[in-house]
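>>> Quick one, structure for this:
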Amino acid sequence: MITTDEIERRVEKVDAEKSARRTAAAREVGELAHRRTTLVEQLADVERRLGAVIAAAADVIGTDELAEFTDVPAADLTSWLTAGKPRARRGRPPGSRRTKPEIQSGTSPAPAPAEGRPGSPPAGVRPSVGQGERR
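Next comes the predicted model:
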């Protein structure tokens, strides 16, 4: 029969192997995520610069001609160009919201219609139990 010390040693061995794999996985994910963040920032900077160059040259060359010369799809060139432009605001301008109508004092809103089946008591009211009836 196996001793408790041997059981403990086996468990620790498995835990150590699992812990090493978990540590390696977490370390690699962290490093790759950091690298990805750096690349995303670099890509955003390149796209901003592309948009600025395209916008600055718009008076001498259009996106269709740039696409023809560079083999870069016109849709990509247009997206870089428009990405740097501020978007138009949607909705109402500040201060133009309608105010809620005021309720005149002394009046109360109409009661809500009762829900449920016809003849059933209103919500929250229990029907009384007659003699000989069970609940």
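
>>> from here on, contacts and neighbour counts on C-alpha atoms
Noted.

>>> Can you name the next helix or strand after the longest helix anywhere in the chain?
Of all segments of type helix in the chain, defined using DSSP state H, the longest is helix 4-56. Later in the chain than helix 4-56, the nearest helix or strand by DSSP states H and E is helix 63-70.

>>> what's the following helix or strand after that next one?
Downstream of helix 63-70, the next assigned helix or strand under DSSP H and E is helix 74-83.

>>> which other residues reach that next one?
Contact with helix 74-83 is made by Glu47, Arg48, Leu50, Gly51, Ala52, Ile54, Ala55, Thr63, Asp64, Leu66, Ala67, as judged by C-alpha atoms under 8 Å, 6 or more residues apart in numbering.

>>> make it 6 Å
Residues outside helix 74-83 that contact it (C-alpha atoms under 6 Å, 6 or more residues apart in numbering): Glu47, Gly51, Thr63, Asp64, Ala67.

>>> what angle sits between that helix and helix 63-70?
Angle of helix 74-83 versus helix 63-70, following axes from the mean of the first three to the mean of the last three C-alpha atoms, to 10 degrees, is 130 degrees.

>>> Give me the buried positions along helix 74-83.
Neighbour-count burial for helix 74-83, counted by 16 or more other C-alpha atoms under 10 Å, picks out Ala74, Leu77, Thr78, Trp80, Leu81, Thr82.

>>> what's the answer for stretch 59-74, then?
Using 16+ other C-alpha under 10 Å as the test for burial, stretch 59-74 gives Thr63, Leu66, Ala67, Ala74.

>>> ok so, going back, taking the contacts of helix 74-83, tell me the two that lie furthest apart.
Glu47 and Asp64 (17.9 Å; C-alpha to C-alpha).

>>> what two of the buried residues of stretch 59-74 have the greatest distance between them?
Once C-alpha to C-alpha is applied, the buried residues of stretch 59-74 give Leu66 and Ala74 as the farthest pair, at 7.6 Å.

>>> Redo the buried residues of helix 74-83 as JSON lines? Include distance to Asp5 and pLDDT.
Listed next are these as JSON lines, based on distance: C-alpha to C-alpha, whole Å; pLDDT from 0 to 100:
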{"residue": "Ala74", "distance to Asp5": "71", "pLDDT": "95"}
{"residue": "Leu77", "distance to Asp5": "69", "pLDDT": "95"}
{"residue": "Thr78", "distance to Asp5": "70", "pLDDT": "95"}
{"residue": "Trp80", "distance to Asp5": "66", "pLDDT": "94"}
{"residue": "Leu81", "distance to Asp5": "70", "pLDDT": "93"}
{"residue": "Thr82", "distance to Asp5": "69", "pLDDT": "92"}
